[in-house]
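A.B. asks: Sharing a sequence plus its predicted fold:
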Amino acid sequence: MYNLLKGKKGIIFGALNENSIAWKTAQRAYEEGAEFVLTNAPASIRMGELDVLAKNTNSQIIPADATSIEDLENLIEKSMEILGGKIDFVLHSIGMSVNVRKKKAYTDPNYDFTQKGWDVSAVSFHKVLNVLYHKKAMNEWGSIVALTYMAAQRVFPDYNDMADNKAYLESIARSFGYYFGRDFKVRVNTISQSPTPTTAGNGVKGFDGFINFSEKMSPLGNASAADCADYTISLFSDLTKKVTLQNLFHDGGFSNMGVSDAVMDKFE
Ligand code: NAI
(Lines give C-alpha, C1' and ligand atoms only; values in the text may rest on other atoms or scores of the structure.)
Protein backbone atom coordinates (compact mmCIF):
# COMPACT_ATOMS: atom_id res chain seq x y z
CA MET A 1 0.00 0.00 0.00
CA TYR A 2 1.15 3.54 -0.77
CA ASN A 3 -0.59 5.80 1.79
CA LEU A 4 -2.12 7.63 -1.16
CA LEU A 5 -5.10 8.87 0.87
CA LYS A 6 -3.39 9.46 4.19
CA GLY A 7 -5.28 12.16 6.10
CA LYS A 8 -8.05 12.38 3.51
CA LYS A 9 -11.73 12.33 4.43
CA GLY A 10 -14.49 11.03 2.19
CA ILE A 11 -18.05 9.91 1.62
CA ILE A 12 -18.73 6.63 -0.21
CA PHE A 13 -22.20 6.00 -1.65
CA GLY A 14 -23.48 2.64 -2.87
CA ALA A 15 -21.79 -0.27 -1.06
CA LEU A 16 -24.54 -2.91 -0.96
CA ASN A 17 -22.55 -6.13 -0.53
CA GLU A 18 -19.02 -7.38 -1.01
CA ASN A 19 -19.46 -7.50 -4.81
CA SER A 20 -20.27 -3.79 -5.03
CA ILE A 21 -17.68 -1.55 -6.67
CA ALA A 22 -18.18 0.89 -3.76
CA TRP A 23 -17.43 -1.87 -1.26
CA LYS A 24 -14.06 -2.63 -2.90
CA THR A 25 -13.31 1.07 -3.13
CA ALA A 26 -14.01 1.55 0.60
CA GLN A 27 -11.65 -1.31 1.41
CA ARG A 28 -8.92 0.19 -0.77
CA ALA A 29 -9.48 3.71 0.58
CA TYR A 30 -9.10 2.36 4.11
CA GLU A 31 -5.89 0.55 3.17
CA GLU A 32 -4.56 3.81 1.72
CA GLY A 33 -5.15 5.66 5.00
CA ALA A 34 -8.46 7.45 4.35
CA GLU A 35 -11.25 8.06 6.84
CA PHE A 36 -14.78 8.06 5.44
CA VAL A 37 -18.49 7.79 6.02
CA LEU A 38 -20.46 5.03 4.28
CA THR A 39 -23.93 5.78 3.00
CA ASN A 40 -26.73 4.02 1.16
CA ALA A 41 -30.50 4.09 0.81
CA PRO A 42 -32.24 3.13 4.09
CA ALA A 43 -33.73 -0.03 2.52
CA SER A 44 -30.27 -1.21 1.41
CA ILE A 45 -28.80 -0.51 4.86
CA ARG A 46 -31.55 -2.58 6.48
CA MET A 47 -30.18 -5.61 4.61
CA GLY A 48 -27.40 -5.43 7.20
CA GLU A 49 -24.30 -6.25 5.18
CA LEU A 50 -22.92 -2.72 5.33
CA ASP A 51 -22.28 -3.11 9.08
CA VAL A 52 -19.50 -5.58 8.27
CA LEU A 53 -17.75 -3.11 5.99
CA ALA A 54 -18.19 -0.29 8.51
CA LYS A 55 -16.61 -2.42 11.21
CA ASN A 56 -13.70 -3.48 9.02
CA THR A 57 -12.96 0.08 7.92
CA ASN A 58 -13.62 1.87 11.23
CA SER A 59 -16.31 3.96 9.62
CA GLN A 60 -19.79 5.14 10.46
CA ILE A 61 -22.92 4.66 8.36
CA ILE A 62 -25.36 7.47 7.62
CA PRO A 63 -28.48 6.48 5.67
CA ALA A 64 -29.49 8.75 2.78
CA ASP A 65 -31.81 8.33 -0.16
CA ALA A 66 -29.67 10.04 -2.79
CA THR A 67 -32.78 11.48 -4.46
CA SER A 68 -33.66 13.47 -1.31
CA ILE A 69 -31.99 16.85 -0.84
CA GLU A 70 -32.98 16.75 2.83
CA ASP A 71 -31.26 13.39 3.36
CA LEU A 72 -28.18 14.63 1.49
CA GLU A 73 -27.97 17.78 3.59
CA ASN A 74 -28.13 15.71 6.75
CA LEU A 75 -25.52 13.29 5.38
CA ILE A 76 -23.03 15.98 4.43
CA GLU A 77 -23.42 17.97 7.65
CA LYS A 78 -23.07 14.86 9.82
CA SER A 79 -20.13 13.57 7.78
CA MET A 80 -18.21 16.81 8.35
CA GLU A 81 -18.95 16.54 12.08
CA ILE A 82 -17.84 12.91 12.28
CA LEU A 83 -14.75 13.41 10.14
CA GLY A 84 -13.87 16.70 11.80
CA GLY A 85 -13.69 18.89 8.72
CA LYS A 86 -14.39 19.28 5.03
CA ILE A 87 -14.45 16.42 2.54
CA ASP A 88 -11.61 15.42 0.17
CA PHE A 89 -13.30 12.72 -1.91
CA VAL A 90 -16.77 11.48 -2.81
CA LEU A 91 -17.75 8.33 -4.69
CA HIS A 92 -21.21 8.20 -6.31
CA SER A 93 -21.75 4.51 -7.07
CA ILE A 94 -25.53 4.40 -7.51
CA GLY A 95 -27.67 3.00 -10.29
CA MET A 96 -31.11 1.47 -10.71
CA SER A 97 -33.63 1.21 -13.54
CA VAL A 98 -37.19 0.29 -12.63
CA ASN A 99 -37.90 -0.55 -16.29
CA VAL A 100 -35.02 -3.08 -16.23
CA ARG A 101 -36.25 -4.52 -12.94
CA LYS A 102 -39.79 -4.88 -14.24
CA LYS A 103 -38.56 -6.24 -17.59
CA LYS A 104 -40.07 -3.41 -19.64
CA ALA A 105 -38.61 -3.15 -23.17
CA TYR A 106 -36.75 0.04 -24.12
CA THR A 107 -39.35 0.56 -26.86
CA ASP A 108 -42.26 0.24 -24.42
CA PRO A 109 -41.31 1.74 -21.06
CA ASN A 110 -43.48 2.83 -18.19
CA TYR A 111 -42.57 6.52 -18.02
CA ASP A 112 -43.08 6.70 -14.26
CA PHE A 113 -40.42 3.99 -14.02
CA THR A 114 -38.25 5.94 -16.47
CA GLN A 115 -38.46 9.01 -14.29
CA LYS A 116 -37.69 7.14 -11.08
CA GLY A 117 -34.65 5.43 -12.63
CA TRP A 118 -33.41 8.74 -14.04
CA ASP A 119 -33.77 10.41 -10.65
CA VAL A 120 -31.89 7.64 -8.82
CA SER A 121 -29.20 6.99 -11.43
CA ALA A 122 -28.48 10.45 -12.83
CA VAL A 123 -30.18 13.39 -11.09
CA SER A 124 -29.03 12.08 -7.69
CA PHE A 125 -25.51 13.01 -8.80
CA HIS A 126 -26.62 16.57 -9.50
CA LYS A 127 -28.25 16.67 -6.05
CA VAL A 128 -25.09 15.38 -4.34
CA LEU A 129 -23.00 17.99 -6.17
CA ASN A 130 -25.55 20.70 -5.39
CA VAL A 131 -25.47 20.05 -1.65
CA LEU A 132 -21.66 19.76 -1.55
CA TYR A 133 -21.39 22.99 -3.55
CA HIS A 134 -23.78 25.09 -1.49
CA LYS A 135 -22.42 23.84 1.82
CA LYS A 136 -18.87 24.54 0.56
CA ALA A 137 -18.16 21.05 1.87
CA MET A 138 -15.18 20.12 -0.33
CA ASN A 139 -11.55 20.88 0.45
CA GLU A 140 -9.40 22.43 -2.30
CA TRP A 141 -7.99 19.77 -4.64
CA GLY A 142 -10.68 17.35 -3.60
CA SER A 143 -12.05 14.79 -6.05
CA ILE A 144 -15.54 13.56 -6.91
CA VAL A 145 -16.13 10.42 -9.00
CA ALA A 146 -19.29 8.80 -10.37
CA LEU A 147 -19.49 5.45 -12.13
CA THR A 148 -20.86 5.02 -15.63
CA TYR A 149 -21.00 2.62 -18.57
CA MET A 150 -20.18 2.93 -22.28
CA ALA A 151 -23.83 2.46 -23.26
CA ALA A 152 -23.87 6.26 -22.81
CA GLN A 153 -21.97 6.48 -26.14
CA ARG A 154 -22.78 3.25 -27.98
CA VAL A 155 -25.77 0.95 -28.39
CA PHE A 156 -26.08 -2.00 -26.01
CA PRO A 157 -29.77 -2.94 -26.41
CA ASP A 158 -30.31 -4.70 -23.09
CA TYR A 159 -28.88 -1.80 -21.11
CA ASN A 160 -32.30 -0.22 -21.70
CA ASP A 161 -32.96 3.25 -20.23
CA MET A 162 -29.77 3.07 -18.13
CA ALA A 163 -27.98 4.10 -21.35
CA ASP A 164 -29.87 7.41 -21.31
CA ASN A 165 -29.37 7.81 -17.57
CA LYS A 166 -25.62 7.33 -17.96
CA ALA A 167 -25.42 9.88 -20.79
CA TYR A 168 -27.17 12.37 -18.49
CA LEU A 169 -24.89 11.49 -15.57
CA GLU A 170 -21.75 12.04 -17.65
CA SER A 171 -23.05 15.40 -18.78
CA ILE A 172 -23.70 16.47 -15.18
CA ALA A 173 -20.08 15.62 -14.30
CA ARG A 174 -18.88 18.03 -16.99
CA SER A 175 -21.41 20.78 -16.40
CA PHE A 176 -21.22 20.88 -12.59
CA GLY A 177 -17.52 19.99 -12.69
CA TYR A 178 -16.83 23.36 -14.30
CA TYR A 179 -18.21 25.21 -11.27
CA PHE A 180 -16.37 22.95 -8.82
CA GLY A 181 -13.09 23.56 -10.65
CA ARG A 182 -13.60 27.31 -10.98
CA ASP A 183 -14.80 27.95 -7.44
CA PHE A 184 -13.13 25.27 -5.29
CA LYS A 185 -10.32 23.64 -7.35
CA VAL A 186 -12.19 20.37 -7.01
CA ARG A 187 -12.22 17.79 -9.81
CA VAL A 188 -15.28 15.91 -11.03
CA ASN A 189 -14.97 12.86 -13.30
CA THR A 190 -16.84 9.75 -14.34
CA ILE A 191 -15.23 6.32 -14.66
CA SER A 192 -16.70 4.20 -17.44
CA GLN A 193 -16.25 0.68 -16.10
CA SER A 194 -16.31 -2.77 -17.77
CA PRO A 195 -19.35 -4.97 -17.13
CA THR A 196 -18.88 -6.23 -13.56
CA PRO A 197 -20.75 -9.03 -11.76
CA THR A 198 -22.54 -7.08 -9.02
CA THR A 199 -26.20 -6.88 -8.00
CA ALA A 200 -26.78 -3.99 -10.43
CA GLY A 201 -24.72 -5.67 -13.20
CA ASN A 202 -26.47 -9.01 -12.93
CA GLY A 203 -29.81 -7.20 -13.28
CA VAL A 204 -29.03 -6.45 -16.94
CA LYS A 205 -30.70 -8.95 -19.29
CA GLY A 206 -28.21 -11.32 -20.92
CA PHE A 207 -25.43 -10.18 -18.56
CA ASP A 208 -23.42 -13.42 -18.86
CA GLY A 209 -23.20 -13.16 -22.63
CA PHE A 210 -22.44 -9.51 -22.33
CA ILE A 211 -19.54 -9.92 -19.90
CA ASN A 212 -18.05 -12.82 -21.88
CA PHE A 213 -18.20 -10.85 -25.14
CA SER A 214 -16.55 -7.89 -23.48
CA GLU A 215 -13.84 -10.11 -22.01
CA LYS A 216 -13.02 -11.52 -25.47
CA MET A 217 -13.07 -8.11 -27.08
CA SER A 218 -10.78 -6.31 -24.62
CA PRO A 219 -7.02 -6.77 -25.10
CA LEU A 220 -6.47 -6.64 -21.33
CA GLY A 221 -9.72 -8.44 -20.45
CA ASN A 222 -12.51 -6.91 -18.37
CA ALA A 223 -11.62 -4.66 -15.46
CA SER A 224 -12.89 -6.17 -12.18
CA ALA A 225 -14.52 -4.30 -9.30
CA ALA A 226 -11.17 -4.46 -7.45
CA ASP A 227 -9.40 -2.95 -10.49
CA CYS A 228 -12.02 -0.20 -10.55
CA ALA A 229 -11.37 0.48 -6.86
CA ASP A 230 -7.64 0.89 -7.58
CA TYR A 231 -8.32 3.32 -10.40
CA THR A 232 -10.76 5.30 -8.28
CA ILE A 233 -8.15 5.61 -5.51
CA SER A 234 -5.74 7.12 -8.04
CA LEU A 235 -8.38 9.74 -8.89
CA PHE A 236 -8.89 10.54 -5.21
CA SER A 237 -5.13 10.87 -4.66
CA ASP A 238 -2.96 13.96 -5.19
CA LEU A 239 -1.39 12.31 -8.26
CA THR A 240 -4.27 13.31 -10.55
CA LYS A 241 -4.94 16.91 -9.48
CA LYS A 242 -5.44 18.33 -12.97
CA VAL A 243 -7.76 15.62 -14.30
CA THR A 244 -11.30 16.96 -14.42
CA LEU A 245 -14.47 17.03 -16.56
CA GLN A 246 -13.44 13.68 -18.03
CA ASN A 247 -15.24 10.46 -18.78
CA LEU A 248 -12.42 7.96 -18.20
CA PHE A 249 -12.70 4.53 -19.75
CA HIS A 250 -11.60 1.77 -17.42
CA ASP A 251 -12.37 -1.24 -19.54
CA GLY A 252 -9.25 -3.18 -20.59
CA GLY A 253 -9.26 -1.34 -23.93
CA PHE A 254 -12.79 -2.37 -25.00
CA SER A 255 -13.91 1.15 -25.95
CA ASN A 256 -11.31 1.54 -28.71
CA MET A 257 -11.72 -1.92 -30.22
CA GLY A 258 -13.41 -2.73 -33.53
CA VAL A 259 -13.05 -6.48 -33.35
CA SER A 260 -10.58 -8.92 -31.77
CA ASP A 261 -9.14 -12.23 -33.00
CA ALA A 262 -10.99 -14.02 -30.21
CA VAL A 263 -14.33 -12.64 -31.41
CA MET A 264 -13.53 -13.20 -35.13
CA ASP A 265 -12.75 -16.85 -34.36
CA LYS A 266 -16.42 -17.35 -33.48
CA PHE A 267 -17.50 -16.28 -36.98
CA GLU A 268 -15.01 -18.14 -39.16
P1 NAI B 1 -24.55 -2.45 -6.72
O2 NAI B 1 -25.92 -3.01 -6.96
O3 NAI B 1 -23.69 -3.16 -5.77
O4 NAI B 1 -24.63 -0.90 -6.33
C5 NAI B 1 -25.70 -0.05 -6.68
C6 NAI B 1 -26.02 0.77 -5.44
O7 NAI B 1 -26.98 1.80 -5.69
C8 NAI B 1 -26.58 -0.09 -4.30
O9 NAI B 1 -25.76 0.00 -3.15
C10 NAI B 1 -27.94 0.54 -4.03
O11 NAI B 1 -28.38 0.42 -2.70
C12 NAI B 1 -27.64 1.99 -4.45
N13 NAI B 1 -28.87 2.78 -4.58
C14 NAI B 1 -29.97 2.47 -5.32
N15 NAI B 1 -30.92 3.41 -5.14
C16 NAI B 1 -30.40 4.33 -4.27
C17 NAI B 1 -30.91 5.53 -3.70
N18 NAI B 1 -32.13 5.99 -3.98
N19 NAI B 1 -30.10 6.22 -2.84
C20 NAI B 1 -28.86 5.78 -2.54
N21 NAI B 1 -28.34 4.64 -3.07
C22 NAI B 1 -29.10 3.94 -3.91
O23 NAI B 1 -23.88 -2.46 -8.18
P24 NAI B 1 -22.53 -1.81 -8.77
O25 NAI B 1 -22.30 -2.52 -10.05
O26 NAI B 1 -21.46 -1.78 -7.75
O27 NAI B 1 -23.00 -0.34 -9.17
C28 NAI B 1 -22.29 0.81 -8.83
C29 NAI B 1 -22.24 1.79 -9.98
O30 NAI B 1 -21.42 1.25 -11.03
C31 NAI B 1 -23.60 2.10 -10.61
O32 NAI B 1 -23.63 3.47 -10.98
C33 NAI B 1 -23.56 1.25 -11.86
O34 NAI B 1 -24.44 1.70 -12.86
C35 NAI B 1 -22.09 1.42 -12.24
N36 NAI B 1 -21.58 0.48 -13.23
C37 NAI B 1 -21.76 -0.86 -13.03
C38 NAI B 1 -21.34 -1.76 -13.98
C39 NAI B 1 -21.60 -3.23 -13.82
O40 NAI B 1 -21.54 -3.96 -14.82
N41 NAI B 1 -21.88 -3.71 -12.62
C42 NAI B 1 -20.62 -1.31 -15.21
C43 NAI B 1 -20.43 0.11 -15.28
C44 NAI B 1 -20.92 0.97 -14.33
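C.D. replies: Yep, it's here. Residues are numbered from 1 along each chain as shown.
A.B. asks: Touching stretch 209-224 from outside, list them.
C.D. replies: Stretch 209-224 is contacted by residues 156, 158, 193-197, 201, 204, 231, 250-254, 257, 259-260, 262-263 when judged by CB atoms under 8 Å, 6 or more residues apart in numbering. Every C-beta, even on glycine, is put in place using the N, C-alpha and C of the backbone.
A.B. asks: tell me the contacts of the closest residue to the ligand within the stretch 101-250 of the chain?
C.D. replies: Distances between the stretch 101-250 of the chain and the ligand by CB to the nearest ligand atom are smallest at residue 201, namely 2.8 Å. By CB under 8 Å, 6+ apart, the contact set of residue 201 is 195, 207, 211.
A.B. asks: in which helix or strand would I find it?
C.D. replies: helix 199-202 (DSSP states H and E).
A.B. asks: moving C-terminal of that helix, what's the next helix or strand?
C.D. replies: helix 207-217.
A.B. asks: Can you name the residues in contact with the single longest helix found in the chain?
C.D. replies: In the chain, with assignment by DSSP state H, the single longest helix is helix 162-184. The contact list for helix 162-184, computed with CB under 8 Å, 6+ apart, reads 95, 97, 100, 117-118, 121-123, 125-126, 129-130, 133, 136, 138, 140, 142, 144, 146, 148-149, 151-153, 155-156, 186-190, 192, 204, 244-245, 247.
A.B. asks: Which entries within those meet the buried criterion?
C.D. replies: 95, 97, 100, 117-118, 121-123, 125-126, 129, 133, 138, 142, 144, 146, 148-149, 151-153, 156, 186-190, 192, 204, 244-245, 247 (16 or more other CB atoms under 10 Å).
A.B. asks: Let's see which of those residues end up in strands.
C.D. replies: Among those, DSSP state E puts 138, 142, 144, 146, 148, 187-190, 192, 247 in strands.
A.B. asks: can you name the two of those residues that are farthest apart?
C.D. replies: Spatially, the most separated pair among these is 138 and 192, at 22.9 Å (CB to CB).
A.B. asks: and residue 68, how many neighbours?
C.D. replies: Neighbour count for residue 68, taken as other CB atoms under 10 Å: 14.
A.B. asks: pLDDT below threshold where in the stretch 1-150 of the chain?
C.D. replies: The stretch 1-150 of the chain contains no residues with pLDDT under 70.
A.B. asks: Could you list the contact residues of it toward the ligand?
C.D. replies: 13-14, 16, 20-22, 40-41, 44, 65-67, 93-96, 120, 147-149 (CB under 6 Å from any ligand atom).
A.B. asks: at 8 Å instead, please
C.D. replies: 13-17, 19-23, 39-41, 43-44, 64-67, 92-96, 120-121, 124, 146-149 (CB under 8 Å from any ligand atom).
A.B. asks: Now which of these would you call buried?
C.D. replies: The neighbour count (16+ other CB under 10 Å) marks 13-16, 19-23, 39-41, 44, 64-67, 92-96, 120-121, 124, 146-149 as buried among those.
A.B. asks: re earlier: distance between the helix holding residue 201 and the chain's centre?
C.D. replies: 13 Å (CA atoms, centre = their mean, to the nearest Å).
A.B. asks: Likewise for stretch 33-41?
C.D. replies: Distance of stretch 33-41 from the chain centroid (CA atoms, centre = their mean) equals 14 Å.
A.B. asks: and if you look at stretch 128-145?
C.D. replies: Offset of stretch 128-145 from its chain centre (CA atoms, centre = their mean): 16 Å.
A.B. asks: Quick one: end-to-end distance for it.
C.D. replies: In stretch 128-145, first residue to last residue: 11 Å (CA to CA, to the nearest Å).
A.B. asks: Cross-check the contact I'm expecting between residue 87 and residue 80.
C.D. replies: Yes: counting by CB atoms under 8 Å, residue 87 does reach residue 80; the two are 6.9 Å apart.
A.B. asks: okay, these two: which has more neighbours?
C.D. replies: Legend: neighbour count by other CB under 10 Å for residue 87 and residue 80, higher for residue 87 (24 against 17).
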